[in-house]
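Trainee: need coordinates for the below:
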Amino acid sequence: MSNYKEKFEFWKSNPFFDEETHAELNSLTDEKEIEDRFYKDLEFGTAGARGVMGAGTNRFNSYNVRRISTGFANYLIDKFGAAAKERGVAIAYDTRNNSSEYAKQTALTMCASGVPAHLYAYTCPTPMLSFAVRELNCVGGVIITASHNTKEYNGYKAYDNTGCQLYPDDADAVVAEVEKVDITKTVIMDEEEAISKGLLSIIDDKMMDRYIAAIKGEENGISAETKAALKATYTPLHGSGLVPITRALSELGYIGVDTVSEQCTPDGNFPTVVSPNPGDESAMSMVIEKAKREDADIALGSDPDADRIGLAAKDHDGSFTFFSGNQICAMLIEYLLTVRKDRLKPNSCIITTVVTSELGSAIAKAHGLSVDEVLTGFKFIGALMNRYEKSGEKAVEFGYEESNGCLIGDYVRDKDAATAVMMICEMAAYYKAQGKTLCDALRDIYKKYGYYLDHLDSFEFAGKDGAEKITAINAKLRELGTSLSPDIESIKDFSVGSDDMPPSDVLKYWFKDGSWLAVRPSGTEPKIKIYYCIHDNDHEAASLNLERKQKLILDIIESL
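Mentor: Down below sits the predicted model:
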């Protein structure tokens, strides 16, 4: 079928698709929406497949889940042979609408392909999927989640045998297998049959016990009195972080932790927020307001699959400051490298990404650590961790990216909000015992390492026309090169790849004043993202500098 109209008619009439799908498609009258649903197949991006739920080839639904799972199973069998049918895959899901059903569809499709499925019995965070892959010695893993996206979305994150999201070469191989699959020929095994044949097993609460034990193993020995003195307020934003995070904090002795009860109920409609992204201050408004009422020291949040974190802290005047992902991770790096200085090794390093602030890197280098940069996406951080673990070349102390995600410890290969929340509480308690707030801690960092202003602009261009607009923006920027501004010192086009990085559609501009900006289309949303890292004398000077650089990009976008 060569065009969207043919695909639309096929899905509307083919008896393979259920009556609910037929009814949904027959109700459509908007030609643009029909085109958007069928002009392409749902794609793998930087974090697997993600899309708006609904009927269509370019929508997230059970049929696409089965198609992807069939292709993934075939890839695993081809790569691991008999081991794929012995070790199987771990499968998890978060609190989004339909996540549990999509996870079961994934599991039963795997079983039909002869690949055993270890399915979580309860909603859980993304890092717990990575943890289970490693603990169960699986050949791969899947979690059904769309992370911090709005309620209309769901997604499919695929993992390798180390608990790391698929590297581009492996993802491309999965895509090639998925493209061979006729969606109307996919099959799932009956659940009772899968259980009786030993192909479907359930992951119970013991896995959470082991995960929480691993988190607790990362603490740095501050006193019970210091921990008990901290007052914190936490929200899971209707997601899967509530149980593991509050349980870990309670078992560690953080008795002054309260929650936002209205946001503790798992709910894929996320009724109290526009978008469940703790990196957005608006999503954190309820927990910050409760923290103010309760006179808490910090307000914390995690997204639906509990891999991202949000943080605000009380200052001495009672006001609360909301921190960016770059700022949170910079504070954690300074804290960890200070309290663990006697444990650091000559080959200790941190891993960050090419669009993450230079501040954390400056801190790490001042402590004597080396810094590795990888492309955006935690799969690149996890893959480098695996390489260093195998070779012994370096010891990874911390991995992080600007989008409110970090990794402490070696028991998972993805960003982990539960461990991060624990460490933030420890850090806040440590500074509180010295009479300091986290706001003081950040001010001290700026005094010591210089002022950095980091900013992200996201421009959304939906549908086929939007995708073409994003392509045009990138083409124009590449055409202009250094002529975009006389202040540009150099440009790196990551699309050509290099010895240590695969190709990626990222443009990064370094300026003569030591600042940079980077342009990157999102791999999971119809957006183009512009990252800025401004190094200047103070906030006022940096803000003016940022405005000048923002105008360079805005002028291009508005001209197309």
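Trainee: where are the low-confidence patches of the stretch 451-560 of the chain?
Mentor: Applying pLDDT under 70 to the stretch 451-560 of the chain flags residues 499, 523-524.
Trainee: show me where it has its helices.
Mentor: 463-480, 539-559 (DSSP state H, counting those that start in this stretch).
Trainee: and the shortest one, how far from the chain's centre?
Mentor: Average the C-alpha atoms of helix 463-480, do the same for its chain, and the two points are 25 Å apart (C-alpha atoms, centre = their mean, to the nearest Å).
Trainee: quick revisit: got the helices of the stretch 451-560 of the chain as a markdown table, with mean neighbour count and distance to S357 columns?
Mentor: Any C-beta I mention is one placed from the backbone N, CA and C, and that applies to glycine too. As requested, those are exported to a markdown table (neighbours: other C-beta atoms under 10 Å; distance: least, C-beta to C-beta, whole Å):
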| stretch | mean neighbour count | distance to S357 |
| --- | --- | --- |
| helix 463-480 | 15 | 22 |
| helix 539-559 | 14 | 12 |
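Trainee: out of these, nearest to A176?
Mentor: Judged by C-beta to C-beta, the one of the helices of the stretch 451-560 of the chain that comes nearest to A176 is helix 463-480, at 21.9 Å.
Trainee: where along the stretch 201-350 of the chain do the helices fall?
Mentor: 205-216, 224-228, 242-252, 285-293, 325-339.
Trainee: buried residues, the longest one. List them.
Mentor: Buried residues in helix 325-339, counted by 16 or more other C-beta atoms under 10 Å: 325-337.
Trainee: I figured L336 hits C406, correct?
Mentor: No. Look at L336 against C406 with C-beta atoms under 8 Å: they stay out of range, at 10.1 Å.
Trainee: quick one: the residue nearest to P125 when sequence neighbours are not counted and V412, what's the gap?
Mentor: Once flanking residues are discounted, P125 sits nearest to A306: 3.3 Å by C-beta to C-beta, 6 or more residues apart in numbering. Using C-beta to C-beta, to the nearest Å, A306 is found at 12 Å from V412.
Trainee: go on, T437?
Mentor: Distance from T437 to V412, by C-beta to C-beta: 30 Å.
Trainee: more neighbours, the two?
Mentor: V412 (31 against 18; other C-beta atoms under 10 Å).
Trainee: was I right about Y4 contacting K32?
Mentor: No. Assessed by C-beta under 8 Å, Y4 is found out of contact with K32, at 10.6 Å.
Trainee: more crowded one of the two?
Mentor: Regarding Y4 and K32, a neighbour count based on other C-beta under 10 Å identifies Y4 as having more, with 20 against 11.
Trainee: do you know the pLDDT at the more buried one?
Mentor: On pLDDT, Y4 comes in at 94.
Trainee: please name the nearest non-neighbouring residue to it.
Mentor: F38 (3.8 Å).
Trainee: of all the helices of the stretch 201-350 of the chain, which lies closest to K390?
Mentor: helix 205-216 (20.4 Å).
Trainee: what average pLDDT does the closest one get?
Mentor: 98.
Trainee: so for that helix, what gets flagged as buried?
Mentor: Buried-residue list, helix 205-216, by 16+ other C-beta under 10 Å: M207, M208, Y211, I212, A214, I215.
Trainee: and that helix, what other elements does it pack with?
Mentor: Helices and strands touching helix 205-216, by 3 or more C-beta pairs under 8 Å, 6 or more residues apart in numbering; DSSP states H and E, are helix 126-135, helix 242-252, helix 417-432.
Trainee: by how many degrees do the helix or strand following the shortest one and helix 126-135 diverge?
Mentor: So the one you mean is helix 126-135. Downstream of helix 126-135, the first helix or strand assigned by DSSP states H and E is strand 140-144. Counting by axes from the mean of the first three to the mean of the last three C-alpha atoms, to 10 degrees, strand 140-144 lies at 160 degrees to helix 126-135.
Trainee: then strand 140-144 to PDB, C-alphas only?
Mentor: Presented in PDB, the C-alpha positions along strand 140-144 are these (Å, rounded to 0.1, in the frame of the first residue of the first chain):
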ATOM      1  CA  GLY A 140      16.400  -8.200  26.700                       C
ATOM      2  CA  GLY A 141      13.600  -6.200  28.200                       C
ATOM      3  CA  VAL A 142      10.600  -4.000  27.500                       C
ATOM      4  CA  ILE A 143       8.800  -1.400  29.500                       C
ATOM      5  CA  ILE A 144       5.500   0.100  28.300                       C
END
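Trainee: give me the residues contacting stretch 479-486.
Mentor: L477, I488, S490, I491, Y509, F511, K549, L552, I556 (C-beta atoms under 8 Å, 6 or more residues apart in numbering).
Trainee: identify the residues contacting the third one.
Mentor: Taking C-beta under 8 Å, 6+ apart as the criterion, S490 is in contact with T482, Y509, W510.
Trainee: ditto for the fifth one
Mentor: For Y509, the residues meeting the contact criterion (C-beta under 8 Å, 6+ apart) are L484, S485, I488, S490, I491, W516, L517, A518.
Trainee: put the buried members of those into a ChimeraX selection.
Mentor: Restricted to buried positions by 16+ other C-beta under 10 Å, the ChimeraX selection for the contacts of Y509 reads:
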select :484,488,491,516,517,518
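Trainee: out of the contacts of Y509, which is nearest to P266?
Mentor: Nearest to P266 among these, with distances taken as C-beta to C-beta, is A518, at 35.6 Å.
Trainee: so how far is I488 from the closest one?
Mentor: From A518 to I488 the distance is 13 Å (C-beta to C-beta).
Trainee: with S370 instead?
Mentor: Remark: distance between S370 and I488 (C-beta to C-beta) = 27 Å.
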